[in-house]
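In: Whatever this is, show me its structure:
(3 chains)
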Amino acid sequence: MEVLLSVAVPVPIYGSFDYRIGTSAVPAPGCRVEILFNHRTLIGIVVSEAREPGETEPLSRFRPIERVIDAEPLLSPAMMALGQWIADYYHHPIGEVLTALLPVSLRRGEPAQLRATPAYRLTEGGLAALDRLPARSQRLRALLEALRDQGAVSRAGLNGIQGIAASLRRCLDEGWVELAAEALPSPIRLAESELPQLTPDQARAVEALEAAGSGFSTHLLQGVTGSGKTEVYLRAIARAIAHGGQVLLLVPEIGLTPQLLDRVRERFGEMVVDGYHSGLNDAARGQVWLRAASGRLPVVVGTRSAALLPMPRLALIIVDEEHDTSFKQQDGLRYSARDVAVLRGSRENAPVILGSATPSLETLQRVQAQRYSLLRLPRRVRSVDPPRLQLLDVRGQPFQQGLAPVLVAAIERHLQAGGQVLLFINRRGYAPALICHDCGWTATCTHCDARLTWHRGRGRLICHHCGARQVPPAACPQCQSTQMLAVGHGTERIEETLRTRFPEARVERFDSDRLRSVRALQALLKDTREGRVNILVGTQMLAKGHDFAGLSLVGVVDADQALFSVDFRAVERMGQLLTQVAGRAGRAGQRGEVIVQTHQPDHPALRRLIEASYDGLAALLLHERAEAQLPPFSHLALLRAEASTEQNAMDFLDAAGACLPTLPGVQKLGPVPAPMERRAGRFRAQLLIQALDRVALHRALTPWLPLLDTLPGARGLRWSIDVDPVDLY
DNA sequence: AGCACGCCGACT
DNA sequence: GTCGGCGTGCTC
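Out: Numbers count the residues shown, from 1 in each chain, chains lettered A, B, ... in the order given. This is a model prediction of the structure:
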């Protein structure tokens, strides 16, 4: 006797597939199974209960399930429901979504086996020995005290202690320390008197969160840089894990700033917290996933994909820097970790805290609509006023390699006063173009519609869109002139200019070209914090999270780029970036200075930012978005197509547009060739769908997308749908 | 996606 | 004559 089961298969096809299996071993929904699918073996996930075949479907029409991998569901009913919601909302095939919920090791079919992490624990004898220990036994004391204070600690958690290997051996031999059987990690509980004193603002936020209770509610914690958001997070976490709850703390893809993870470890103990990010190998990620799924891991600090971790006892989700665009996945399943976090809060009945100094307009709009509460930390903990931005009108100014004399003078003044200076320029390389002085020829990418950036240090022209690189021509390929000019300024060139102008200062460049490894960045950051660097030149890499106590001047080389962008979110992002960069200045006692170079000193958005800070700018932008019916006042989905010719891509999108269901409040914009039509040798075009309400958007998309593969133009073409796109190109 | 089938060019 | 190019179709 056999029955049928629906199995979600990791292929880009909507829907799931039916397989047969004997009634003696029917796997439950959420179990992995091995199946033959179109001439190959794949691992799928059971998505239905067993059913009897109908009259018209003989069993012989179905393939058998080859192997059942899990005896118990790997994905809980809650996770299966989350997967189904994500598949429906982002219009992505269920098989690929459910696979995305698993770590790579489990996708490959490895057994779901949680290895016990050996942990060391102090014995009674050890506690007694601690009192009798001679004063000179400092290393032993450090180890015993760490174990006394933290309960059970893994070997990795002891690595910071001097001479740990020898001390541990001695303690085990003496019976002072034993290997603990895997125990529920118990968070350290500090007495009120051991906790940092809260500022009145922090105390208000903590109280408001407590008053909101343990059920679902969403809060925007808006705190300026240095206002102590982390301490508020820690208090909320303490409450959530006190009775066995689990906490998800999502951070942007900075990976370079483990401070938050360290703070959580320090406060609650090393066994209580795991990180989940791209720095871990597949095996380690798999173990964190399984620990989270077991309900015995209290806290995970992780990047975007951590929003998809199973947390059976979820009691709190925090999204730090919620405005950060790295929470949106930019390929494949294009989900927003922030939005998934809020959704999980509501489905799994847990509070959600969104933290930012510069919240996204989407979040601010929900605060205005009173769907989210607002908790503000308007003051810095150490009561230095945040720096004031000032615009520097550079029109007609004699530029010195992109820097106006007023800015150069300010740099000199701050250096002489012993301050550090940060120059922000969001453009890598030496110059964004190389041009022939005699005929105007410029170096362009052979695969993309883009100019090549001149990387002088490496002696190469590099395409920032596809990565192609070439040796610059010795003479102009068009007129054989040797007069090639570098036009515009990137980090390399600003660095060079400053080295020449301030030869006595140490100038360091912070960008992804120079700092390939986390280690290199850490080393340079350490040098900077310890005052050995005088001038920092860098990209957004410098805007996030790093504290420099000696920084007194921030210069923004070019604020104008964003003002002319085709992307309607560019100004919002500029405001966030400038506010974050400015927040780096003036942290040690004196108020910092921030100088923003612009050719548009009267631009309303810039003026608003200067006069009314980010909040003022956000209010202005929200007003503009409402007028223009742009998000968050409408909802978008972007259909992208990529083909070998522009005609094919456009024809496909025309055909697609023609069969879009007509619904009130839903309109299509385009199709248009993508702002950069040709990228890595393929032609791209896109069709934007705009809807006044979300329900209408989904009513249009749901029947529409399955049609697209049947269109005649779909052959040899790749298309994808992006719901709530953040980058419109 | 990825694999098979199928129908056209240059090779031991 | 075959090996293999990648266009088209299909996946329970």
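
In: Tell me the confidence at the closest residue to DNA strand C within the stretch 601-729 of chain A?
Out: As assessed by C-beta to the nearest atom of the strand, DNA strand C sits closest to A:R715 within the stretch 601-729 of chain A, at 4.0 Å. C-beta coordinates here come from the backbone N, C-alpha and C atoms, glycine included. pLDDT recorded at A:R715 is 74.

In: and it, how many neighbours?
Out: 10 (other C-beta atoms under 10 Å).

In: which regions of the stretch 51-200 of chain A sit below the pLDDT cut-off?
Out: Low-confidence segments of the stretch 51-200 of chain A, defined by pLDDT under 70: A:156, A:181-184.

In: For it, list the residues in contact with DNA strand C, please.
Out: Within the stretch 51-200 of chain A, the positions near DNA strand C by C-beta under 7 Å from any atom of the strand are A:R61, A:F62, A:R63.

In: Return the members of these classed as buried.
Out: The neighbour-count test (16 or more other C-beta atoms under 10 Å) marks A:F62 as buried among these.

In: now the residues of the stretch 51-200 of chain A next to DNA strand C as a markdown table including secondary structure and distance to A:H219?
Out: Shown next, in a markdown table, are those (DSSP: H, G, I helix; E, B strand; the rest coil; distance: C-beta to C-beta, whole Å):
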| residue | secondary structure | distance to A:H219 |
| --- | --- | --- |
| A:R61 | helix | 53 |
| A:F62 | coil | 50 |
| A:R63 | coil | 50 |
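
In: Against which helices or strands is the helix or strand harbouring A:L234 packed?
Out: Assigned by DSSP states H and E, A:L234 falls within helix A:229-241. Using 3 or more C-beta pairs under 8 Å, 6 or more residues apart in numbering; DSSP states H and E as the contact criterion, the elements in contact with helix A:229-241 are helix A:200-212, strand A:218-223, strand A:246-250, helix A:259-268, strand A:314-320, strand A:352-356, strand A:373-377.

In: avg pLDDT for it?
Out: Averaged across helix A:229-241, pLDDT comes to 95.

In: Report the inter-axis angle for that helix versus strand A:246-250.
Out: Per axes from the mean of the first three to the mean of the last three C-alpha atoms, to 10 degrees, the angle that helix A:229-241 makes with strand A:246-250 is 160 degrees.

In: can you pull the alpha-carbon coordinates of helix A:229-241 into PDB?
Out: This file holds the C-alpha atoms of helix A:229-241, laid out as PDB (Å, rounded to 0.1, in the frame of the first residue of the first chain):
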ATOM      1  CA  LYS A 229      21.200  52.000  22.200                       C
ATOM      2  CA  THR A 230      23.200  48.900  23.000                       C
ATOM      3  CA  GLU A 231      22.600  49.100  26.700                       C
ATOM      4  CA  VAL A 232      18.800  49.300  26.000                       C
ATOM      5  CA  TYR A 233      19.200  46.200  23.800                       C
ATOM      6  CA  LEU A 234      21.100  44.400  26.600                       C
ATOM      7  CA  ARG A 235      18.400  45.100  29.200                       C
ATOM      8  CA  ALA A 236      15.600  43.900  26.800                       C
ATOM      9  CA  ILE A 237      17.700  40.700  26.100                       C
ATOM     10  CA  ALA A 238      18.200  40.100  29.800                       C
ATOM     11  CA  ARG A 239      14.400  40.200  30.400                       C
ATOM     12  CA  ALA A 240      13.700  38.000  27.400                       C
ATOM     13  CA  ILE A 241      16.100  35.200  28.300                       C
END
